[in-house]
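Colleague: sequence and predicted structure, then a few things I'm wondering about:
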Amino acid sequence: MSFPVLEGTGLSAQIGKILIALALGIPTGWERFKHDRSAGLRTFPLVSIASCAYMLAAGSQNADTQARVLVGVMTGIGFIGGGSIIHDANSVRGTATAASLWNMGAVGAAVSYGHYGLAVLLCILNYFCLLLLRPVEERIKRGDDA
(Lines give C-alpha, C1' and ligand atoms only; values in the text may rest on other atoms or scores of the structure.)
Protein backbone atom coordinates (compact mmCIF):
# COMPACT_ATOMS: atom_id res chain seq x y z
CA MET A 1 0.00 0.00 0.00
CA SER A 2 1.21 3.48 -0.77
CA PHE A 3 -0.25 6.73 0.48
CA PRO A 4 1.35 9.85 -1.07
CA VAL A 5 0.42 12.06 1.89
CA LEU A 6 2.40 9.71 4.17
CA GLU A 7 5.56 9.70 2.09
CA GLY A 8 8.61 11.67 3.10
CA THR A 9 9.78 12.89 6.48
CA GLY A 10 7.63 16.00 6.87
CA LEU A 11 5.44 16.73 9.85
CA SER A 12 2.20 15.79 8.07
CA ALA A 13 3.65 12.39 7.11
CA GLN A 14 4.81 11.80 10.67
CA ILE A 15 1.43 12.79 12.12
CA GLY A 16 -0.30 10.49 9.64
CA LYS A 17 1.91 7.56 10.59
CA ILE A 18 1.39 8.16 14.31
CA LEU A 19 -2.39 8.23 13.76
CA ILE A 20 -2.25 4.98 11.78
CA ALA A 21 -0.21 3.35 14.55
CA LEU A 22 -2.78 4.60 17.07
CA ALA A 23 -5.69 3.19 15.06
CA LEU A 24 -3.98 -0.18 14.62
CA GLY A 25 -3.44 -0.52 18.37
CA ILE A 26 -7.09 0.00 19.27
CA PRO A 27 -8.61 -3.37 18.19
CA THR A 28 -6.17 -5.45 20.23
CA GLY A 29 -6.46 -3.02 23.13
CA TRP A 30 -10.24 -3.34 22.98
CA GLU A 31 -10.06 -7.15 22.96
CA ARG A 32 -7.75 -7.19 25.99
CA PHE A 33 -9.91 -4.58 27.77
CA LYS A 34 -13.08 -6.65 27.20
CA HIS A 35 -11.41 -9.63 28.86
CA ASP A 36 -10.22 -7.51 31.81
CA ARG A 37 -6.50 -8.00 31.17
CA SER A 38 -3.73 -6.04 32.83
CA ALA A 39 -3.06 -4.04 29.66
CA GLY A 40 -5.93 -2.80 27.56
CA LEU A 41 -7.53 -0.03 25.59
CA ARG A 42 -4.97 2.64 26.46
CA THR A 43 -1.81 0.55 26.63
CA PHE A 44 -1.82 -1.08 23.19
CA PRO A 45 -2.25 2.12 21.15
CA LEU A 46 0.35 3.84 23.34
CA VAL A 47 2.90 1.09 22.70
CA SER A 48 2.19 1.23 18.98
CA ILE A 49 2.53 5.02 18.70
CA ALA A 50 5.61 5.12 20.92
CA SER A 51 7.46 2.52 18.86
CA CYS A 52 6.42 4.35 15.69
CA ALA A 53 7.65 7.66 17.10
CA TYR A 54 11.00 6.26 18.21
CA MET A 55 11.59 4.81 14.77
CA LEU A 56 10.50 8.03 13.08
CA ALA A 57 12.92 9.95 15.28
CA ALA A 58 15.72 7.57 14.27
CA GLY A 59 14.72 7.72 10.61
CA SER A 60 17.36 10.25 9.61
CA GLN A 61 20.13 8.12 11.09
CA ASN A 62 22.11 5.39 9.33
CA ALA A 63 20.81 1.83 9.20
CA ASP A 64 23.06 0.66 12.03
CA THR A 65 21.74 3.35 14.38
CA GLN A 66 18.16 2.60 13.35
CA ALA A 67 18.73 -1.08 14.13
CA ARG A 68 20.05 -0.21 17.59
CA VAL A 69 17.04 2.02 18.28
CA LEU A 70 14.70 -0.77 17.17
CA VAL A 71 16.44 -3.27 19.46
CA GLY A 72 16.11 -0.81 22.35
CA VAL A 73 12.43 -0.22 21.63
CA MET A 74 11.64 -3.93 21.45
CA THR A 75 13.63 -4.62 24.62
CA GLY A 76 11.79 -1.87 26.45
CA ILE A 77 8.44 -3.23 25.33
CA GLY A 78 9.56 -6.62 26.63
CA PHE A 79 9.86 -5.07 30.09
CA ILE A 80 6.36 -3.62 29.81
CA GLY A 81 5.05 -7.02 28.72
CA GLY A 82 6.84 -8.69 31.60
CA GLY A 83 4.81 -6.54 33.96
CA SER A 84 1.60 -7.96 32.53
CA ILE A 85 2.55 -11.56 33.37
CA ILE A 86 1.11 -12.87 36.62
CA HIS A 87 2.49 -16.01 38.25
CA ASP A 88 0.26 -17.80 40.74
CA ALA A 89 1.03 -21.00 42.61
CA ASN A 90 -0.23 -23.24 39.81
CA SER A 91 -0.53 -21.01 36.77
CA VAL A 92 0.95 -18.24 34.69
CA ARG A 93 -1.35 -15.66 33.12
CA GLY A 94 -0.72 -12.71 30.87
CA THR A 95 1.67 -14.21 28.36
CA ALA A 96 -0.70 -13.57 25.44
CA THR A 97 -1.05 -9.96 26.58
CA ALA A 98 2.73 -9.63 26.84
CA ALA A 99 3.22 -11.12 23.38
CA SER A 100 0.54 -8.84 21.98
CA LEU A 101 2.28 -5.81 23.46
CA TRP A 102 5.50 -6.91 21.81
CA ASN A 103 3.63 -7.34 18.54
CA MET A 104 2.32 -3.77 18.84
CA GLY A 105 5.93 -2.61 18.90
CA ALA A 106 6.45 -4.34 15.58
CA VAL A 107 3.25 -2.75 14.25
CA GLY A 108 4.44 0.73 15.18
CA ALA A 109 7.87 0.12 13.67
CA ALA A 110 6.33 -1.23 10.46
CA VAL A 111 4.14 1.86 10.16
CA SER A 112 7.12 4.15 10.69
CA TYR A 113 8.86 2.54 7.71
CA GLY A 114 5.73 2.71 5.56
CA HIS A 115 5.06 -1.03 5.63
CA TYR A 116 1.32 -0.57 6.14
CA GLY A 117 0.34 -3.95 4.73
CA LEU A 118 2.66 -5.70 7.18
CA ALA A 119 1.31 -3.61 10.07
CA VAL A 120 -2.31 -4.43 9.19
CA LEU A 121 -1.46 -8.12 8.75
CA LEU A 122 0.22 -8.22 12.18
CA CYS A 123 -2.85 -6.63 13.76
CA ILE A 124 -5.25 -9.03 12.07
CA LEU A 125 -3.19 -12.08 13.03
CA ASN A 126 -2.78 -10.83 16.61
CA TYR A 127 -6.52 -10.27 16.95
CA PHE A 128 -7.22 -13.66 15.35
CA CYS A 129 -4.93 -15.42 17.82
CA LEU A 130 -6.46 -13.70 20.84
CA LEU A 131 -10.07 -14.08 19.78
CA LEU A 132 -10.31 -17.36 17.92
CA LEU A 133 -7.61 -19.51 19.50
CA ARG A 134 -8.91 -19.03 23.06
CA PRO A 135 -11.68 -21.67 22.58
CA VAL A 136 -9.14 -24.06 21.08
CA GLU A 137 -6.88 -23.68 24.13
CA GLU A 138 -9.78 -24.21 26.50
CA ARG A 139 -10.88 -27.31 24.62
CA ILE A 140 -7.37 -28.77 24.77
CA LYS A 141 -7.13 -28.03 28.50
CA ARG A 142 -10.42 -29.87 29.09
CA GLY A 143 -9.06 -32.85 27.20
CA ASP A 144 -11.60 -32.81 24.37
CA ASP A 145 -10.21 -34.70 21.40
CA ALA A 146 -12.96 -34.00 18.89
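Modeller: Structure received. Numbers count the residues shown, from 1 in each chain.

Colleague: pLDDT (mean, whole number) over the strand or helix carrying D64?
Modeller: Taking DSSP states H and E as the definition, D64 sits inside helix 63-83. Averaging pLDDT along helix 63-83 yields 91.

Colleague: against which helices or strands is it packed?
Modeller: Judged by 3 or more CB pairs under 8 Å, 6 or more residues apart in numbering; DSSP states H and E, helix 63-83 is in contact with helix 43-57, helix 95-112. For glycine as for every other residue, the C-beta is placed from the backbone atoms N, C-alpha and C.

Colleague: mind putting those into JSON lines with distance to Q14 and mean pLDDT?
Modeller: Output for these, formatted as JSON lines (distance: least, CB to CB, whole Å; pLDDT from 0 to 100):
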{"stretch": "helix 43-57", "distance to Q14": "5", "mean pLDDT": "95"}
{"stretch": "helix 95-112", "distance to Q14": "9", "mean pLDDT": "94"}
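
Colleague: mean neighbour count and distance to A21 for those - can I get that in TSV?
Modeller: As requested, the helices and strands packed on helix 63-83 are exported to TSV (neighbours: other CB atoms under 10 Å; distance: least, CB to CB, whole Å):
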stretch	mean neighbour count	distance to A21
helix 43-57	23	4
helix 95-112	24	5
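
Colleague: stretch 37-55: how far from the chain's middle?
Modeller: Remark: stretch 37-55 is offset 7 Å from the chain centroid, using CA atoms, centre = their mean, to the nearest Å.

Colleague: so who does Y113 touch?
Modeller: Y113 is in contact with M55, counting by CB atoms under 8 Å, 6 or more residues apart in numbering.

Colleague: next, it: phi, psi?
Modeller: phi -90, psi 0 (degrees, to the nearest 10).

Colleague: could you do I86 as well?
Modeller: When read as degrees, to the nearest 10, the backbone of I86 gives phi -120, psi 130.

Colleague: give me the number of residues near it?
Modeller: 13 (other CB atoms under 10 Å).

Colleague: in this structure it contacts V92, no?
Modeller: Yes: between I86 and V92 there is a contact under CB atoms under 8 Å: 7.2 Å.

Colleague: list the buried residues of the longest helix seen in the chain.
Modeller: Ranked by number of residues, the top helix in the chain under DSSP state H is helix 116-142. Using 16 or more other CB atoms under 10 Å as the test for burial, helix 116-142 gives Y116, L118, A119, V120, L122, C123, N126, L130.
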